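Student: here is my input; please provide its structure:
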Amino acid sequence: MQTHYNIAIIGGGILGTSIAYFLSSICSLKVLLIEQEKKVAFHTSSRNTGRVHAPFLYDPVKKKLFAKAASLGYEMWYKYSNNKHLLFKQDGVLEVATDERGIDRLQKYIEWGESNGLKKQIDLKFLKESEIKNFEPSVRCTAALYCSKDASVDYGSLTRSLLQDCKSFGCSILLGYKVRKISRSTNDGTLTIAAVNDREEKRITTEFIVNAAGGNAMDIAHSMHLAKEFTDLHFRGEYWQAPVEYRHLTKLSIYSVPKYPEYPFLDPHWIIRIDGRCEVGPNAVPVFGPYAYDWSKNLRYILPKIFESSKTTGLCKILFDRQFLHLVLDEFKSSLSKTSMINRAREFLPQLKASAFTERGTAGIRSLLLDKDGKFIPDTLIIKQDNSIHILNYNSPGATGALPMAASVVNELFEDGTISFAESKSLWDIRSVAEKMDIKINY
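Tutor: Numbering: from 1, shown residues only. Model (predicted):
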């Protein structure tokens with residue numbers, strides 16, 4: 001394996017692999033994708049619900065990039081799945097309100113959906129209580145919003161397919177090596193990446209770095225003296241898998257309107273996965289690291305997080321937010337008590353019985369950015385400086401929007417002269433996608 005590359009991408013999740021796909025498809029430069037695990041999509045890219053989210057959930061002003069990425073992502077994943085003969089199930093979703101306040105939120109979702117390209121009465125339909133009984137007899141709620149333009153996929157399979165494309169386009173892949181350190185040459189500005197596994201360290205030089213490391217992206221940016229005014233806070237989303245007798249309880253996945261949308265605490269959903277399995281979740285339990293899937297792993301991250309929090313004001317400030325702390329305690333309760341979690345979903349699916357749930361589902365972790373005032377950053381933050389670009393705060397609908405977001409990042413490298421276009425081997429015109437995304441880069 002060679003040791004010098006024109007561009008190195010850190011992170012083999014669905015976003016990093018999508019960036020590698022577009023980069024290697026349009027230029028003849030030497031591109032390397034580095035992933036710390038022995039396979040791609042090992043973490044959040046596989047530990048999710050598999051939903052291709054409709055864009056009605058995202059404020060087109062406060063969450064502009066998320067909204068546009070979700071809007072474009074649906075058609076792009078549909079096209080890619082058909083091209084590769086991978087499952088893409090357009091099954092729709094039902095968003096339910098269990099009180100009057102929730103109805104106001106549904107009306108807001110309709111406004112957002114129309115602003116983000118959905119068509120009222122075609123893609124989006126508001127349902128009164130009487131209409132819901134005919135639509136989903138098992139669901140009990142005050143009102144609901146049905147969106148037909150929502151789908152189920154297996155993002156792990158899609159990422160692995162993209163990886164095969166990357167290889168066929170000439171991209172080099174380094175799996176099982178964690179980036180330990182990045183240093184810059186004082187002579188020519190070349191970057192050196194020290195990547196390690198259990199046996200050895202590889203030293204890789206590159207002219208440009210793309211940081212798409214998900215839960216580790218903030219740490220990498222900090223190591224390069226960027227985004228010091230931000231810190232990250234990690235939340236583990238847990239699920240309970242429904243028994244077989246509940247598999248035909250509904251035709252659709254059921255999402256409930258969040259009671260506290262300004263915080264990352266989601267009211268549990270009823271999820272129907274692409275393989276037919278049903279799950280209740282998620283909660284949002286604060287944890288100390290991006291891979292703290294259980295309490296034993298969580299303990300490993302305590303000291304580093306305490307050290308980091310001592311140097312940042314944002315984390316300290318949110319820990320004095322009384323409402324946040326109250327909600328945190330409620331999330332811990334739902335983690336410790338199965339009944340507490342299932343009872344949340346019983347608000348709209350009263351047939352569920354906690355005693356019938358015996359198996360936990362797959363837990364995933366979201367890493368959210370906090371500013372110096374202790375406020376959550378609502379949208380993706382893209383920072384570019386010298387010869388690196390960093391995609392931070394990339395969360396749900398991250399998998400949905402990975403292809404358009406990746407195309408936009410690659411187009412930015414074309415615009416600034418880092419790369420030049422050759423004949424494209426991808427399924428899309430990158431510049432056309434980027435024009436629709438219209439991303440803002442922070443320098």
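Student: setting aside sequence neighbours, what's the nearest residue to residue 409?
Tutor: Spatially, and ignoring its direct neighbours in sequence, residue 409 is nearest to residue 19 (5.7 Å; C-beta to C-beta, 6 or more residues apart in numbering). In this view, the C-beta of every residue, glycine as well, is placed from N, C-alpha and C.
Student: could you report the pLDDT at the spatially closest residue to residue 118 that is not a sequence neighbour?
Tutor: Once flanking residues are discounted, residue 118 sits nearest to residue 124: 5.1 Å by C-beta to C-beta, 6+ apart. Note on residue 124: pLDDT of 97.
Student: residue 154 versus residue 124, what's the distance?
Tutor: 26 Å (C-beta to C-beta, to the nearest Å).
Student: low-confidence regions, this protein specifically.
Tutor: The model of the chain has pLDDT under 70 over residues 1, 303, 305-311.
Student: most remote residue from it's center?
Tutor: residue 187 (37.8 Å; C-alpha atoms, centre = their mean).
Student: mind listing what's buried in the longest helix along the chain?
Tutor: Using DSSP state H, we find that the single longest helix of the chain is helix 64-84. For helix 64-84, burial by neighbour count (16 or more other C-beta atoms under 10 Å) applies to 64-74, 76-78, 80-81.
Student: what is the helix or strand following that helix packed up against?
Tutor: Per DSSP states H and E, the first helix or strand lying C-terminal to helix 64-84 is strand 93-97. The contact analysis (3 or more C-beta pairs under 8 Å, 6 or more residues apart in numbering; DSSP states H and E) places strand 93-97 against helix 100-115, strand 143-147, strand 253-256.
Student: switch the cut-off to 6 Å
Tutor: Applying 3 or more C-beta pairs under 6 Å, 6 or more residues apart in numbering; DSSP states H and E, one finds that strand 93-97 contacts strand 143-147, strand 253-256.
Student: what angle do it and strand 143-147 make?
Tutor: For strand 93-97 against strand 143-147, the angle by axes from the mean of the first three to the mean of the last three C-alpha atoms, to 10 degrees is 160 degrees.
Student: each with direction, which strands does strand 93-97 pair with?
Tutor: Partner strands and pairing direction for strand 93-97 (DSSP bridges) are strand 143-147 (antiparallel), strand 253-256 (parallel).
Student: number of residues surrounding residue 336?
Tutor: Residues within reach of residue 336, counting by other C-beta atoms under 10 Å, total 10.
Student: ditto for residue 208
Tutor: Neighbour count of residue 208, defined by other C-beta under 10 Å: 20.
Student: likewise for residue 110?
Tutor: Other residues near residue 110 come to 17 when the count uses other C-beta under 10 Å.
Student: residues in contact with it?
Tutor: residue 124 (C-beta atoms under 6 Å, 6 or more residues apart in numbering).
Student: run a quick neighbour tally on the residue lying closest to residue 370 once chain neighbours are set aside.
Tutor: Leaving out its chain neighbours, the residue that sits closest to residue 370 by C-beta to C-beta, 6+ apart is residue 314, at 3.9 Å. Here the count is done by other C-beta under 10 Å, and residue 314 has 22 residues near it.
Student: residue 327 too?
Tutor: There are 18 residues near residue 327, going by other C-beta under 10 Å.
Student: next, it: phi, psi?
Tutor: With angles defined as degrees, to the nearest 10, residue 327 sits at phi -70, psi -40.
Student: and the contacts of the longest helix of the chain?
Tutor: The contact list for helix 64-84 (C-beta under 6 Å, 6+ apart) reads 52-53, 55, 58, 60, 88, 116-117, 161, 379-380, 397, 400-401, 403-405, 427, 437.
Student: which parts of the chain are helices?
Tutor: Taking DSSP H as the criterion, the chain contains helices spanning 14-26, 64-84, 100-115, 129-135, 155-169, 217-223, 295-300, 302-309, 313-318, 322-336, 338-346, 402-415, 430-437.
Student: mind checking these for the one nearest to residue 239?
Tutor: Closest of the helices of the chain to residue 239 is helix 338-346, at 8.6 Å (criterion: C-beta to C-beta).
Student: what residues of the closest one count as buried?
Tutor: By 16+ other C-beta under 10 Å, the buried positions in helix 338-346 come out as 338, 340-342, 344-346.
Student: what helices and strands are in contact with that helix?
Tutor: Secondary-structure packing of helix 338-346 (3+ C-beta pairs under 6 Å, 6+ apart): helix 322-336.
Student: repeat that with 7 Å
Tutor: For helix 338-346, the elements it packs on are strand 240-241, strand 278-281, helix 322-336, judged by 3 or more C-beta pairs under 7 Å, 6 or more residues apart in numbering; DSSP states H and E.
Student: partner strands of the longest strand along the chain, with direction?
Tutor: Longest strand of the chain, by residue count under DSSP state E: strand 201-211. Applying DSSP bridges, strand 201-211 is found paired with strand 4-10 (parallel), strand 191-196 (antiparallel), strand 388-392 (parallel).
Student: count of residues packed around residue 326?
Tutor: Based on other C-beta under 10 Å, the number of other residues close to residue 326 is 10.
Student: now do residue 225
Tutor: Other residues near residue 225 come to 9 when the count uses other C-beta under 10 Å.
Student: same thing with the one 3 residues further on?
Tutor: With neighbours defined by other C-beta under 10 Å, the count for residue 228 comes to 11.
Student: right, I'll leave it there.
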